[in-house]
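[1] A predicted structure for the sequence below; I have some questions about it.
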Amino acid sequence: MIPYGRQSISDRDIQAVVEVLKSDYLTQGPAVPQFEHAIAQYCGVKYAVAVNSATSALHIACLALGVTKGDIVWTSPITFVASANCALYCGAEVDFVDIDPNTYNISVIQLKNKLELAEKAGKLPKVVIPVHLAGQSCDMEAIQALANQYGFKIIEDASHAIGAKYNNQPIGSCKFSDITIFSFHPVKIITTGEGGMALTNNAEIADHMQLLRSHGITRDTKKMTQQPDGSWYYQQIGLGFNYRMTDIQAALGLSQFNRLDAFVAQRHSIVESYQLQLSEKVVIKPWQHPDTYSAYHLYIVQLKLESLQTSHQQAFEHLRASGIGVNLHYIPIYKQPYYQVLGYRESDFPNAEQYYARAISLPIHPDLTPEQQEKVIQIINDFK
């Protein structure tokens with residue numbers, strides 16, 4: 001089976017992990033701050049906070065921005081459930097903004113229209129979470145302009161997008177947002193096994209997220225309520241979580257980081273072949289906005305079902321039976337049973353509905369061979 005995505009692990013990656021396993025520190029050692037520094041410097045951002053997953057990063061990002069009961073958070077319906085769950089963890093409500101039919105990202109037009117209605121109803125969002133689906137940035141400058149107008153904060157869910165650019169700026173610079181989130185899950189651009197990171201240019205937000213990831217505990221005497229009893233002393237000054245990244249994970253991440261640009265370049269090479277060879281009679285190929293440079297975490301096509309003698313499900317199962325591990329990113333969140341009971345209407349998201357009815361993610365990862373890609377292209381093009 002040709003997987004839609006997978007990690008690429010080198011001997012150097014393995015050696016980096018072995019060196020940590022032989023060291024004195026497996027958890028809170030030097031590798032985590034080194035990894036944070038490397039990513040922050042690459043993105044041109046002031047602060048980076050490594051955690052054990054992008055889900056954890058989204059959670060502490062919401063908390064650091066003050067999301068709580070009575071607040072509303074908006075995000076895209078076409079994303080993994082974590083992009084919405086993070087708000088529910090804080091006791092807030094969640095709502096969705098329909099996608100742009102070309103980029104599949106949150107639609108700026110739909111966002112603007114929904115904000116106008118929400119302002120009249122007195123129900124503006126506290127935070128909006130644009131998701132850079134498949135590695136392509138949302139129109140962040142336009143979203144930030146709306147944030148300035150309507151007073152909401154922005155968390156970029158860039159779980160798919162490390163190594164990508166927007167307006168020639170690296171994703172993660174937080175030029176147009178308060179916080180940016182990366183994921184280092186095995187199928188992402190680089191991996192730490194499991195892991196995530198929250199980036200910001202705001203020192204107060206960074207300090208808050210650092211506290212939240214480690215039980216709300218500090219050893220900084222400037223933050224304590226009394227003089228320490230001794231050199232062993234620490235204080236819990238807030239309610240936090242055990243969301244720390246280990247040195248084992250960070251060592252793998254640091255080693256992978258050295259190949260980040262090469263990984264993204266290889267993904268672009270694969271995309272170039274898909275774009276040239278896939279039949280436009282069978283699929284709608286993904287469109288890239290000229291202001292963006294995608295990391296191409298995913299390569300998502302839409303089947304032209306109106307001209308094919310097959311259904312979405314039949315095509316999906318045929319590809320799987322042919323040894324191609326296609327996937328579907330994503331089922332609209334409001335369709336999940338947990339969210340259905342909250343009263344969302346499918347009619348509110350026509351673009352997301354149309355997308356879900358015919359989208360398929362094709363294999364793309366750095367170790368995908370030309371022969372494997374040719375097989376994918378041939379089977380797709382043979383659809384009748």
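    Structure's in. What do you need? Just so you know, these numbers come straight off a predicted model, no measurement behind them.
[2] any low-confidence regions in the stretch 101-250 of the chain?
    The model of the stretch 101-250 of the chain has no residue with pLDDT under 70.
[3] hey, where'd the strands end up in it?
    Ranges of strands in the stretch 101-250 of the chain, per DSSP state E, counting those that start in this stretch, are 127-129, 153-157, 165-166, 169-170, 179-183, 196-200, 217-218, 235-236.
[4] among those, which comes closest to residue 371?
    Residue 371 sits nearest to strand 179-183 of all these, at 29.3 Å, using Cβ to Cβ. Every C-beta, even on glycine, is put in place using the N, C-alpha and C of the backbone.
[5] hmm, back to that, just put the strands of the stretch 101-250 of the chain in JSON lines and tack on mean neighbour count and distance to residue 291.
    Shown next, in JSON lines, are the strands of the stretch 101-250 of the chain (neighbours: other Cβ atoms under 10 Å; distance: least, Cβ to Cβ, whole Å):
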{"stretch": "strand 127-129", "mean neighbour count": "27", "distance to residue 291": "19"}
{"stretch": "strand 153-157", "mean neighbour count": "26", "distance to residue 291": "15"}
{"stretch": "strand 165-166", "mean neighbour count": "22", "distance to residue 291": "6"}
{"stretch": "strand 169-170", "mean neighbour count": "17", "distance to residue 291": "10"}
{"stretch": "strand 179-183", "mean neighbour count": "30", "distance to residue 291": "17"}
{"stretch": "strand 196-200", "mean neighbour count": "28", "distance to residue 291": "21"}
{"stretch": "strand 217-218", "mean neighbour count": "16", "distance to residue 291": "41"}
{"stretch": "strand 235-236", "mean neighbour count": "14", "distance to residue 291": "45"}
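[6] between these, which one is closest to residue 316.
    When the strands of the stretch 101-250 of the chain are compared by Cβ to Cβ, strand 179-183 sits nearest residue 316, at 24.5 Å.
[7] contacts made by that closest one with the rest, please.
    For strand 179-183, contacts defined as Cβ atoms under 8 Å, 6 or more residues apart in numbering pick out 39, 43, 45, 53-54, 57-58, 61, 64-65, 154-162, 171-174, 195-200, 205.
[8] which one is the residue nearest the centre of the chain nearest to, not counting chain neighbours?
    Centroid-nearest residue in the chain, with Cα atoms, centre = their mean: residue 159, separated by 1.8 Å. The shortest distance from residue 159 to any non-neighbouring residue, by Cβ to Cβ, 6 or more residues apart in numbering, is to residue 183 (3.6 Å).
[9] hey, what's the one you found bridged with?
    In this entry, residue 183 is beta-bridged to residue 196, by DSSP bridges.
[10] end to end, how far does stretch 116-129 reach?
    Terminal residues of stretch 116-129 lie 18 Å apart, using Cα to Cα, to the nearest Å.
[11] hmm, I was thinking of stretch 217-235
    One end of stretch 217-235 sits 5 Å from the other (Cα to Cα).
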